[in-house]
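A.B. asks: turn this into a model:
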Amino acid sequence: MPRYCVIGAGAAGVSALQRLRALGHDVDCFEKTDRVGGHWHTDYDALHLITSRDMTTFEDFPMPDHYPHFPRRDQVRAYIESYAREHGLYDVIRFGTAVTSVEPAEGPADARPGSHGWRVRTSSGHDEVYDGVLVANGHLWDPKIPEIPGEFTGKTIHSGSYRNVSDLAGDRVLVVGAGNSGCDLAVDAAQHRIDADIVVRHGSWFQPKTYFGVPRQQVPFLTEFSPAEQDLINRLMARLSIGDWHAYPGLPQPEGATLAEGRAVVNDLLLYWIHHGRITVRPGIERFDGTTVHFTDGTSRDYDTILWATGFNVRLPFLDDSLFPWTAGAPVRYAGGIVTETVEKLYFIGLIAPRGPQIPVYGMQTKLVAKMIELHEKAGPSGAPIARYLASLQEPETGIDVVRDGWLRQLADTERLLAAYESSSLQTV
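C.D. replies: Predicted coordinates for the structure are as follows:
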């Protein structure tokens, strides 16, 4: 009987593990820590979902009714843990076991890498060939910090290591990065009566979490409109609710004419604290000089702490990067971010972040993986050229943060192509 491997027991990993097991597959799951839930154990204390409770769930497993509209970090962690307990996954996952290498299994010289499975080795000495591997190790763990001329001699901390304001040194704080995390960190400081500056180099479309007291994704009348129409309505409602960018000193004009074309940030508390003088917007950084930061507009200021909210690098330390092409720091993928063109039977779960609720993404991806697995098993020990087939008919995906509507269209297209492959037996593609 074919065996499959899931790497990681965060939300993506447990979702993939449960779905494959429910379909009757024999699956091993390796988790290098001693817990389920991934980064939800280590994120900053002030973190809350920016998507609503009722939309950010595993399939057929709602969050508890007593949770608020936007659960906090520890509630999301407890929810993921309860999902794993409910389905008996704690008895299946091999905790404290890091995957050290994943290599294509040996096959004929002309075989595509992975077509005969993948050899997985772990820190515990486990060494086994699996018919397929689902990579769910996450992309929010290797801090990305830009190179800036000079040296900053104060304290520096990345958002991935920040927990709360007790981590700050002094009372002069600079947050670098204005995505959702950067805005959260600046607000965290402001709400503890600390004056914080935030570097905002690119304009974003700020969006409130709610309209009419309802989470923005659940406003009933919006479902009557197309994604493009919803984009326009959301921009108009935000303009009425929080105003334009120029109402907040220092904020640059949003890039792109629409939410889909530009950057979107779901946070109106940053704007609140800008108006209350607790947060000051700064432009890009030109250089460091001790504790002095020189900005691109010619101004400078001294700081005790810099909080880097500059994102994370995509890392797959157990895979040889040369197995597939990379662009802009991520593997080139197809099928809604699931497969690469050059290898077979290797599937990425969660290596993409369509804007909106993330937890449902993992189950949606695994449903397609299950269909690919079915086609590979029907084709025999060497599988089928599924990844190559999909790559020949789809546009590549190179980003992590992507517009959800486009991602959903590619999922639907992938489902259609897999059905066509099955019905016409395109084994010679």
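
A.B. asks: give me the pLDDT value at the residue nearest in space to the middle of the chain.
C.D. replies: Here the mean C-alpha position of the chain is nearest to the C-alpha of Ala353 (C-alpha atoms, centre = their mean), at a distance of 4.2 Å. Confidence at Ala353, expressed as pLDDT, is 97.

A.B. asks: before we move on, what about the one 4 residues further on?
C.D. replies: At Pro357, the pLDDT value in this model is 97.

A.B. asks: helix/strand/coil for it?
C.D. replies: coil (DSSP: H, G, I helix; E, B strand; the rest coil).

A.B. asks: any idea how far Ser124 is from it?
C.D. replies: 35 Å (C-beta to C-beta, to the nearest Å). C-beta: built from backbone N, CA, C; applies to glycine.

A.B. asks: and what of His48?
C.D. replies: In this view, His48 and Ser124 are 36 Å apart by C-beta to C-beta.

A.B. asks: go on, Ser101?
C.D. replies: From Ser101 to Ser124 the distance is 13 Å (C-beta to C-beta).

A.B. asks: what's the strand or helix carrying Asp231 in contact with?
C.D. replies: Here Asp231 sits within helix 227-242, counting by DSSP states H and E. Contact with helix 227-242 is made by 205-208, 211, 216, 222, 225, 258-260, 268, 271, 405, as judged by C-beta atoms under 8 Å, 6 or more residues apart in numbering.

A.B. asks: now with 10 Å?
C.D. replies: In this structure, residues lying in contact with helix 227-242 by C-beta atoms under 10 Å, 6 or more residues apart in numbering are 205-208, 210-212, 216-217, 219, 221-226, 244-245, 247-248, 254, 257-262, 264, 268, 271-272, 403-406, 408-409.

A.B. asks: in that helix, what counts as buried?
C.D. replies: Counting neighbours by 16 or more other C-beta atoms under 10 Å, one finds that the buried residues in helix 227-242 are Gln230, Asp231, Asn234, Arg235, Met237, Ala238, Ile242.

A.B. asks: give the other helices and strands that the next helix or strand after that helix contacts.
C.D. replies: Sequence-wise, the next helix or strand downstream of helix 227-242 (DSSP H and E) is strand 264-266. If you count contacts as 3 or more C-beta pairs under 10 Å, 6 or more residues apart in numbering; DSSP states H and E, strand 264-266 packs onto helix 180-191, strand 205-207, helix 227-242.

A.B. asks: in its sheet, what does the very next helix or strand once past the second one sit against?
C.D. replies: Tracing the chain past strand 205-207, the next element assigned as helix or strand by DSSP H and E is strand 210-211. Sheet neighbours of strand 210-211, with direction, are listed as strand 214-215 (antiparallel) (DSSP bridges).

A.B. asks: the helices in the stretch 301-429 of the chain, which residues?
C.D. replies: 359-379, 386-391, 404-424 (DSSP state H, counting those that start in this stretch).

A.B. asks: where does the stretch 301-429 of the chain dip in pLDDT?
C.D. replies: Counting by pLDDT under 70, the stretch 301-429 of the chain shows low-confidence ranges at 425-429.

A.B. asks: hmm, back to that, from memory the residue nearest to the centre of the chain sits against Glu397, does it?
C.D. replies: No. Look at Ala353 against Glu397 with C-beta atoms under 10 Å: they stay out of range, at 11.5 Å.

A.B. asks: shared neighbours of the two, anything?
C.D. replies: Gly337, Trp407.

A.B. asks: so Ser159 sits against Ala46, correct?
C.D. replies: No. Using C-beta under 10 Å, Ser159 is not in contact with Ala46; the gap is 11.0 Å.

A.B. asks: dump the helix holding Asp231 to PDB, restricted to CA.
C.D. replies: Included here for helix 227-242 are C-alpha records, laid out as PDB according to Å, rounded to 0.1, in the frame of the first residue of the first chain:
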ATOM      1  CA  PRO A 227     -15.000  40.400  -6.800                       C
ATOM      2  CA  ALA A 228     -14.300  43.500  -8.800                       C
ATOM      3  CA  GLU A 229     -17.400  45.200  -7.600                       C
ATOM      4  CA  GLN A 230     -16.700  44.100  -4.000                       C
ATOM      5  CA  ASP A 231     -13.300  45.700  -4.400                       C
ATOM      6  CA  LEU A 232     -14.800  49.100  -5.400                       C
ATOM      7  CA  ILE A 233     -17.500  48.900  -2.600                       C
ATOM      8  CA  ASN A 234     -14.900  48.100   0.000                       C
ATOM      9  CA  ARG A 235     -12.800  51.000  -1.100                       C
ATOM     10  CA  LEU A 236     -15.800  53.400  -1.000                       C
ATOM     11  CA  MET A 237     -16.900  52.100   2.500                       C
ATOM     12  CA  ALA A 238     -13.300  52.500   3.800                       C
ATOM     13  CA  ARG A 239     -13.200  56.100   2.500                       C
ATOM     14  CA  LEU A 240     -16.400  56.800   4.300                       C
ATOM     15  CA  SER A 241     -15.300  55.100   7.500                       C
ATOM     16  CA  ILE A 242     -11.600  56.100   7.800                       C
END
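
A.B. asks: what is the rounded mean pLDDT of that helix?
C.D. replies: On average, helix 227-242 scores 95.

A.B. asks: that one to helix 404-424, inter-axis angle?
C.D. replies: Between helix 227-242 and helix 404-424, the angle comes out at 160 degrees (axes from the mean of the first three to the mean of the last three C-alpha atoms, to 10 degrees).
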